[in-house]
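Colleague: Provided below for reference: sequence and predicted model.
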Amino acid sequence: MTTRSRAPFYIFVFLLIAAGIATAVWRHVEMGVPWSTGEQRPVWMIEARVDFEGLGEPARVNLHIPEQPPGFRIITEQAASPGYGFAIIEENGNRRAEWNKRNVSGEQTLYFKAQFVPDTDSGEQKPEQKPRPQPEFWEEPEATAVRELLSQARERSSTPESMTRELIRLLQPGSETQNTTLLVSEDNYLPLMVRMLNHAGIAARTADGLRLEDARRRQPLLPFLQIHNGEQWLTFNPRTGEQGVPENLLLWRQGSESLLDVMGGDDSRVSFSMLRQTVPALQLATMEANDNGLGVLGFYQLPIEEQSMFRMLLLLPLGALIVAFMRIVVGIRTSGTFMPVLIAIAFVQTTLAPGLIAFLSVVAIGLLLRGYLSSLNLLLVSRISALIILVIFITAGLSIIGYQMGFNTGMTVTFFPMVIIAWTIERMSILWEEEGAHEVLVQGSGSLFVAICAYLAMDAPLARHLTFNFPELHLVVLGLILLMGQYTGYKLSELRRFTPMKAYD
Amino acid sequence: MQWISPRKLKRLGMLNMNRRNVDYIARYNDRSAYPLVDNKLKTKLIMEEYGVNTPKLFQVVRQQHEISHFRELVQDLSGFAIKPAKGSGGKGITVVTGRDGDQFVKASGAAIGTDVLERHLSNILAGLYSLAGSPDVAIVEDLVQCSPALARYSVEGVPDIRIVVFQGYPVMAMLRLATRASDGKANLHQGAVGVGLDIGTGKSLNAVQFNRPVSMHPDTGLPLENIAIEDWQTMLDMAARCYEATGLGYMGVDLVLDANQGPLLLELNARPGLAIQMANGRGLLPRLRHLEALKRPHFSPGERVRYVMDSFAAL
């Protein structure tokens, strides 16, 4: 009897809807769950191939593998190496793939595959201890050359970065200073640079990068120079002095000393092949959810069987929304409030046309048989029970006849909820007796119309995608249904029903 | 296909389904009072306490085996009505008006045997006509002898008077006349004619059938313009008293005018329909809002009836 203020209600509904949308957007941005089904993302499949000659003794192969290369994220890793024991081990903060075998002789080939997704967000380096550069020992006459080159570079620079760039410039063969010619030879260039920088008090190390180009095989790793500027490691191209990691460069090794260690083998090499693939964005999100704490918010971690059940269940709210809209705002009469949703669910499994035919024929035959039952003067419960059994007979009969005639669609009848159909027939039959065929037609076609609308909504690929992958959107559906529960305006059907009132206006 | 604009409906003050459910039924009708009106037997018993007359109760059939008592009872009766206690919308009501040897004659003129009536009773007990299909009881009560002045307007069934009562004030009324199309039932959506009644005088206003205006009864051809209900104030008084008995703020009261006993209460309805507005040619909302805005409500049924008879003609 009291009129409560409706403001809290509307605020609550608003919060519900806002929370639903915000969570969905957040999951889209953070976890990359795509809005539509067809979205594709590029992925680099990189294969490292290790070749060596077995020496007829136990072999241990140890390959450095990247952990968090800047600009990329690893989504899958696998090794192919028949007869070898394989493990990924962590060693002083480095990840290494390790193969072991008791007796190895002859040519050996081992593969390690990993998929990388370009990701501009990643690449934050693990906080690590600040490295301490040690002065190196140089022999004369190199000591003098080094001293001079370093002081020359220091002269023209202010920061570790600019000093590095300057040094690279000075060490180029083109600069042709005497000191350079004395120090640099073809194969000691990079180690020399690292030594000189360490000597100058700048922590430096080498890194190996892989230039990513589609469908390349037997690619070598390219050497890069990294220095520590006091806060983080910076990457330089040792030849041009260009700073930073180019977009299509994957840093395979950084921070560890060796790329490949082979014990019990000779003549070892490592080469890389790469392939640009596209995978559905959804699959990517699913895979990431599995090793991401945020995954608990989705259904991806459930067993497949439960997932497919939820796929179906999560469509129901959509059907309920349609029924609520059709009854509250449009004003369509249906027989049984949510019978249309159940029929629509069955349609989803049978597809529309066969489902409609099957449904109509079961109900029609059922109505005929119900006519006979009503003359038997049975109690209600046993009449309904008998009807349920008859409905099962009808569906079985239709399936068998359909199958024998070569229509596999006949089998789809079995998806209809038998008890619901039995009740529908009972209600329709009573309606027929009491209100006449016209009312049966109105309510029957109303139910079918709503069922078809609900089916069309639930069968849309986008709806299936959104309901399953963004379950939080159901908060929005809930909000809308709550709002409709407060709708006190005229129904569409009432605008027609009350038309004669025009005369009194 | 013709439509009326929502703005026009609003101007006419037409109450619609959603608003009725949310703003009136949900707000003014306490759920706990529903069993009282959804069960005709309970209604009958409580209304007797409040001095409102109802048709005489012959028998209540509660169990399957009691149907045999029914057989003994009806030996001596010529006219009676069988009703499901929890039926709605006139469903499951069988009216027997006379005898033809061993056969019973229904209101429609069809003759039926005892076995048909017994089957009907067992259907009622099983809950075929009750709201949720729950087990029910059957009421056998006296046949209403409709006052001849009204009876001539109706075909195959007793005309009844529906009064919508809001917080104890009768707000709108209509006379419902059975037709052949409605199969003797006084239910508007089944095809009965609804004749709007002036709440102040009990005289007829407009008439509708199937939501369309009519000026004469479709079967008898009698004009529906100058019907006046006898005992009008008594009827309003009975309707108003139902509020005290049930506590329902918004309900429909169905009355009949018996030739011998005067006005009798047939049943109450906690979700009265909206067609009454079309029969009256005016919306309920202005009257409902007027009463909601009333600063000092009247406490006795008599006062309330006098208030609406005086002040509602203009609304």
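Modeller: That came through fine.

Colleague: So the chain: which segments form each domain?
Modeller: Going with chain A. Structural domains of chain A, as assigned by automatic domain parsing, span the residue ranges A:40-129+A:249-298, A:142-248, A:308-471.

Colleague: nope, chain B
Modeller: With domains defined by automatic domain parsing, chain B comprises B:6-53+B:147-311, B:57-142.

Colleague: okay, now the residue lying closest to residue A:200 once chain neighbours are set aside: neighbour count?
Modeller: Nearest in space to residue A:200, with sequence neighbours left out and distances taken as Cβ to Cβ, 6 or more residues apart in numbering or on different chains, is residue A:150 at 5.0 Å. C-beta coordinates here come from the backbone N, C-alpha and C atoms, glycine included. Applying other Cβ atoms under 10 Å in any protein chain shown, we find 20 residues neighbouring residue A:150.

Colleague: Repeat that for residue B:77.
Modeller: Residue B:77 has 15 neighbours, counted by other Cβ under 10 Å.

Colleague: which ones are touching it?
Modeller: Contacts for residue B:77 were tallied using Cβ atoms under 8 Å, 6 or more residues apart in numbering or on different chains; they are B:58, B:96.

Colleague: Pull up the gap between it and residue B:142, please.
Modeller: Relative to residue B:142, residue B:77 is positioned 9 Å away (criterion: Cβ to Cβ, to the nearest Å).

Colleague: which stretches of the stretch 151-300 of chain A aren't confidently modelled?
Modeller: Counting by pLDDT under 70, the stretch 151-300 of chain A has low-confidence residues at A:174-183, A:186, A:256, A:287-298.

Colleague: Would you state the strands of it in chain order?
Modeller: In chain order, the stretch 151-300 of chain A shows strands spanning A:204-211, A:216-219, A:222-228, A:233-236, A:249-254, A:260-263, A:265-280, with DSSP state E, counting those that start in this stretch as the criterion.

Colleague: list the helices and strands the third one packs on?
Modeller: Right, the one you point to is strand A:222-228. The contact analysis (3 or more Cβ pairs under 8 Å, 6 or more residues apart in numbering or on different chains; DSSP states H and E) places strand A:222-228 against helix A:160-171, helix A:189-199, strand A:204-211, strand A:233-236, strand A:249-254.

Colleague: can you check the last one too?
Modeller: With contacts defined as 3+ Cβ pairs under 8 Å, 6+ apart, the packing partners of strand A:265-280 are strand A:40-65, strand A:94-118, strand A:216-219, strand A:260-263.

Colleague: Show me what the third one is packed against.
Modeller: So the one you mean is strand A:216-219. Applying 3+ Cβ pairs under 8 Å, 6+ apart, one finds that strand A:216-219 contacts strand A:265-280.

Colleague: follow-up on the earlier one: can you tell me the element the residue nearest to residue A:200 falls in?
Modeller: Secondary structure assigned from DSSP states H and E places residue A:150 in helix A:142-155.

Colleague: about what we covered before: help me confirm that the residue nearest to residue A:200 comes into contact with residue A:196.
Modeller: Yes. Using Cβ atoms under 8 Å, residue A:150 is in contact with residue A:196, at 6.5 Å.

Colleague: quick one on the thing from earlier: turn the domains of chain B into TSV, including mean pLDDT and distance to residue A:15.
Modeller: Output for those, formatted as TSV (pLDDT from 0 to 100; distance: least, Cβ to Cβ, whole Å):
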stretch	mean pLDDT	distance to residue A:15
domain B:6-53+B:147-311	89	22
domain B:57-142	85	35
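
Colleague: Highest mean neighbour count out of the ones you listed?
Modeller: Across the domains of chain B, averaging neighbours per residue (mean count of other Cβ atoms under 10 Å in any protein chain shown) puts domain B:6-53+B:147-311 on top, at a mean of 19.

Colleague: can you tell if it touches chain A?
Modeller: Yes. Counting by Cβ under 8 Å from any Cβ of the partner chain, contacts between domain B:6-53+B:147-311 and chain A involve B:6, B:8-9, B:11-12, B:14, B:16-19, B:22-23, B:27-28, B:190, B:208, B:211-213, B:249, B:277-278, B:281-283.

Colleague: out of these, which are inside helices?
Modeller: B:6, B:8-9, B:11-12, B:17-19, B:27-28, B:277-278 (DSSP state H).

Colleague: Now do the contacts for residue 156.
Modeller: Using chain A here. Contacts here follow Cβ under 8 Å, 6+ apart; on that basis residue A:156 touches A:162, A:166.

Colleague: that's the wrong chain, I meant chain B
Modeller: If you count contacts by Cβ under 8 Å, 6+ apart, residue B:156 has them with B:107-109, B:178, B:180, B:183-184.

Colleague: Turn those residues into a markdown table, columns for distance to residue A:251 and secondary structure.
Modeller: Shown next, in a markdown table, are the contacts of residue B:156 (distance: Cβ to Cβ, whole Å; DSSP: H, G, I helix; E, B strand; the rest coil):
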| residue | distance to residue A:251 | secondary structure |
| --- | --- | --- |
| B:107 | 95 | coil |
| B:108 | 93 | coil |
| B:109 | 98 | coil |
| B:178 | 91 | coil |
| B:180 | 91 | coil |
| B:183 | 87 | coil |
| B:184 | 91 | coil |
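
Colleague: quick one: which of those residues is nearest chain A?
Modeller: For these, the closest approach to chain A (Cβ to the nearest Cβ) belongs to residue B:183, at 8.6 Å.

Colleague: Most proximal residue of the stretch 301-450 of chain A with respect to chain B?
Modeller: The stretch 301-450 of chain A approaches chain B most closely through residue A:380 (3.6 Å), counting by Cβ to the nearest Cβ.

Colleague: And stretch A:432-440, what's buried?
Modeller: Buried residues in stretch A:432-440, defined by neighbour count with 16 or more other Cβ atoms under 10 Å in any protein chain shown: A:432, A:434-435, A:439-440.

Colleague: how about these in JSON lines, adding distance to chain B, secondary structure and pLDDT?
Modeller: What follows is those, written out as JSON lines (distance: Cβ to the nearest Cβ, whole Å; DSSP: H, G, I helix; E, B strand; the rest coil; pLDDT from 0 to 100):
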{"residue": "A:432", "distance to chain B": "13", "secondary structure": "helix", "pLDDT": "82"}
{"residue": "A:434", "distance to chain B": "6", "secondary structure": "helix", "pLDDT": "71"}
{"residue": "A:435", "distance to chain B": "6", "secondary structure": "helix", "pLDDT": "72"}
{"residue": "A:439", "distance to chain B": "9", "secondary structure": "helix", "pLDDT": "82"}
{"residue": "A:440", "distance to chain B": "14", "secondary structure": "helix", "pLDDT": "86"}
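
Colleague: Name the helix or strand for residue B:254, please.
Modeller: Since the elements are taken from DSSP H and E, residue B:254 ends up inside strand B:250-258.

Colleague: The residue sitting nearest the centre point of chain A and residue A:348, how far apart?
Modeller: For chain A, the residue whose C-alpha lies nearest the mean C-alpha position (Cα atoms, centre = their mean) is residue A:285; its distance is 1.6 Å. Distance of residue A:285 to residue A:348, given as Cβ to Cβ: 24 Å.

Colleague: With respect to residue A:393, which of the contacts of residue B:156 is nearest?
Modeller: Within those, distances to residue A:393 taken as Cβ to Cβ reach their minimum at residue B:183, with 33.8 Å.

Colleague: Pull the contacting residues for the closest one.
Modeller: When contacts are counted by Cβ under 8 Å, 6+ apart, residue B:183 is found next to B:108, B:156, B:190-191.

Colleague: which two in the contacts of residue B:156 are spaced the farthest apart?
Modeller: Using Cβ to Cβ, the two most remote members of the contacts of residue B:156 are B:109 and B:178, lying 13.4 Å apart.
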